[in-house]
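Colleague: Take a look and give me a structure for this.
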Amino acid sequence: MNETHDTSAIYHGHYGSVFTPVVKGSGGAGGYPGSGGGALHMKVGRTLHLDGLLSSKGSDATGEKSSGGSGGSILIETTNFTGHGELSVRGGDGRGGINSNDGTSVLGGGGGGGRVGMHVRHQNNYGGLYTTEGGVGMYGTTASPVHLPVDGSAGTIYKYESRRGPQYRELKYNTTVDEANYKPDHTFLKIDAGSRRGFNTDAEVSSLPTMIMEEGTIDYEFDEIQLHGTVNLLFYHPRNNSTVSAIAHELTGDKQGIIAIRDQQILYVHYVESTHILSWMLLQVLM
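Modeller: Residues are numbered from 1 along each chain as shown. Predicted coordinates:
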């Protein structure tokens, strides 16, 4: 979906807001592709309690030599959020096949994961699951599939949380939209690839990229960025050649992910030696 939608052997692209995702996923490629996930936007005045499944996931390919659909969007705006359910924007699985002309295996790529945005004005006590990984990619036939590292990329989870009333919070002016809003107590970005893999099982090559992007934004700031699995994280760079900067006050993960910093991009990480904040993931500089 709005994250990479891996609808064939190569991913097609990225789109959609990391903060307020509201767009649908993309359908896969091939003769029997999966459909993209939908876009779900929920506004709840006081309390949203979720114990079931809330899904905008992409569907699996229904036939051989086809790819899965990419995940969609879930955007939640509420005062309080509780429950132990599941939010899913998972990408659909692909199905491989055999080329009838020469007997070679054909790829059915996994669809990319979608985006979840949670804006909780007061207390976020939700303890459920988030399913945002990409779909499984396959070569070969259904009877004898070969699971090579061609899975869809991971989606994004953004949490905007505040546990105090507005009278205790900082008022922050946004020059991009010419608007002042109360700053949340905590902004959290998580990318979780689960068990998915990319073009190579070596974590230094990692998976298809997950793109952080927001229209009109070149400066990003998160209280915490957390990476799990072989995530390959990129920040979108607009064509006007402006310098893109990102601030991570805390950076955590499981030591498998990559954050790739390109030319005219800056990543600031606040490091305190006595805490756990650095996850020892690989930082790449791409020129």
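
Colleague: what's near enough to touch residue 57?
Modeller: Contacts were defined as Cβ atoms under 8 Å, 6 or more residues apart in numbering; by that measure residue 57 touches 37, 71-72, 88-92, 114, 131. Just so you know, the C-beta spots here come from the backbone N, C-alpha and C atoms, and that holds for glycine as well.

Colleague: May I ask which helix or strand encompasses it?
Modeller: In the assignment (DSSP states H and E), residue 57 maps to no helix and no strand.

Colleague: Quick check: the residue nearest to it when sequence neighbours are not counted vs residue 14, distance?
Modeller: Nearest-residue entry for residue 57: residue 90, 4.2 Å, with adjacent residues in sequence omitted and distances by Cβ to Cβ, 6 or more residues apart in numbering. Residue 90 sits 17 Å away from residue 14, going by Cβ to Cβ, to the nearest Å.

Colleague: In a strand, residue 17, correct?
Modeller: No. Counting by DSSP: H, G, I helix; E, B strand; the rest coil, residue 17 falls outside a strand, being coil.

Colleague: What is the burial count for residue 187?
Modeller: Residue 187 has 19 neighbouring residues, counting by other Cβ atoms under 10 Å.

Colleague: and it, helix, strand or coil?
Modeller: Here residue 187 is recorded as strand under three-state DSSP.

Colleague: Spit out the contact partners of it.
Modeller: Counted by Cβ under 8 Å, 6+ apart, residue 187 has contacts 158-161, 221-224.

Colleague: Of the residues you listed, which belong to strands?
Modeller: 158-161, 221-222, 224 (DSSP state E).

Colleague: give the contact list for the residue nearest to residue 57.
Modeller: Per Cβ under 8 Å, 6+ apart, neighbours of residue 90: 57-58, 71, 113-114, 131-135, 155.

Colleague: Does residue 234 touch residue 208 like I think?
Modeller: No. With contacts counted by Cβ atoms under 8 Å, residue 234 stays clear of residue 208, the gap being 10.3 Å.

Colleague: Which one's more surrounded, those two?
Modeller: residue 208 (31 against 20).

Colleague: which phi and psi does the residue nearest to the more buried one when sequence neighbours are not counted have?
Modeller: Nearest residue to residue 208 in three dimensions, chain neighbours excluded: residue 153, at 3.8 Å (Cβ to Cβ, 6+ apart). Main-chain torsions, residue 153, degrees, to the nearest 10: phi -80, psi 160.

Colleague: Can you show me the strands along the stretch 101-250 of the chain?
Modeller: 105-108, 115-124, 129-131, 138-139, 156-161, 171-174, 179-182, 186-192, 209-212, 219-222, 224-228, 232-235, 244-248 (DSSP state E, counting those that start in this stretch).

Colleague: Would you mind writing the CA trace of the second one as CSV?
Modeller: Just to be clear, that refers to strand 115-124. Taking Å, rounded to 0.1, in the frame of the first residue of the first chain, the C-alpha atoms of strand 115-124 are listed here in CSV:
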residue,chain,number,x,y,z
ARG,A,115,0.5,2.2,7.5
VAL,A,116,-1.1,2.7,10.9
GLY,A,117,-1.5,6.1,12.6
MET,A,118,-2.7,6.4,16.2
HIS,A,119,-3.5,9.9,17.6
VAL,A,120,-4.5,9.5,21.2
ARG,A,121,-5.2,12.7,22.9
HIS,A,122,-5.1,11.4,26.5
GLN,A,123,-4.3,7.8,27.6
ASN,A,124,-3.2,5.1,25.3
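
Colleague: what about residue 102, neighbour count?
Modeller: 6.

Colleague: what separates it from residue 63, distance-wise?
Modeller: 20 Å.

Colleague: With residue 265 instead?
Modeller: 41 Å.

Colleague: The two: which has the busier surroundings?
Modeller: Set residue 265 next to residue 63 and count neighbours by other Cβ under 10 Å: residue 265 wins out with 18 against 13.
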